[in-house]
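Chemist: Below are the sequence and a predicted model; questions follow.
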Amino acid sequence: MLRNRFLLFVLLMIFTIKPSFSQCAMCKAVVENGDISLAEGVNNGITYLMVFPYLLIGVLFYTIYNYNKKTKN
């Protein structure tokens with residue numbers, strides 16, 4: 001039951017993500033000269049760097065969950 005809810009949550013998060021602009025004020029000021037490909041590259045780089053901490057935390061909580069589940073049995 002919990003596994004199905006988690007899977008549904010993950011699928012909803014993946015398929016409902018809207019493209020967003022990940023630039024901070026400093027990064028936006030650097031790419032304001034009108035070069036769209038540079039701005040998209042900066043956005044993609046920031047998003048790429050932002051994903052890994054969330055993945056690591058997710059793996060950590062999943063490991064803790066499995067550990068607790070095994071110790072109760």
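Modeler: Cool, got the structure.
Chemist: chain center to the helix or strand where Leu55 lies: distance?
Modeler: Assigned by DSSP states H and E, Leu55 belongs to helix 36-72. Relative to its chain's centre, helix 36-72 lies at 5 Å (C-alpha atoms, centre = their mean, to the nearest Å).
Chemist: separation between the most centrally placed residue in the chain and Phe9?
Modeler: Centroid-nearest residue in the chain: Val51, 3.7 Å away (criterion: C-alpha atoms, centre = their mean). Taking C-beta to C-beta, to the nearest Å as the measure, Val51 falls 17 Å from Phe9. (C-beta placed from N, C-alpha, C; glycine too.)
Chemist: for Ala29, same thing?
Modeler: On the measure of C-beta to C-beta, Ala29 and Phe9 end up 37 Å apart.
Chemist: for Asn44, same thing?
Modeler: From Asn44 to Phe9 the distance is 25 Å (C-beta to C-beta).
Chemist: do Leu38 as well
Modeler: 35 Å.
Chemist: likewise Asn73?
Modeler: 24 Å.
Chemist: do Val42 as well
Modeler: For Val42, the distance to Phe9 - C-beta to C-beta - is 30 Å.
Chemist: Looking at these two, which one has more neighbours?
Modeler: Val42 (19 against 10; other C-beta atoms under 10 Å).
Chemist: Run a quick neighbour tally on Thr47.
Modeler: Neighbour tally, Thr47, other C-beta under 10 Å: 13.
Chemist: Likewise for the one 5 residues further on?
Modeler: The burial count assigned to Phe52 is 9, neighbours taken as other C-beta under 10 Å.
Chemist: tell me the pLDDT at it?
Modeler: Looking at Phe52, its pLDDT stands at 89.
Chemist: again, but for Gly58
Modeler: 94.
Chemist: How many residues are close by it?
Modeler: Count around Gly58 with other C-beta under 10 Å applied: 11.
Chemist: how close does it get to Lys72?
Modeler: 21 Å.
Chemist: now Asp35
Modeler: 56 Å.
Chemist: So for the two, which residue has more residues nearby?
Modeler: Asp35 (11 against 6).
Chemist: Perfect, that will be all.
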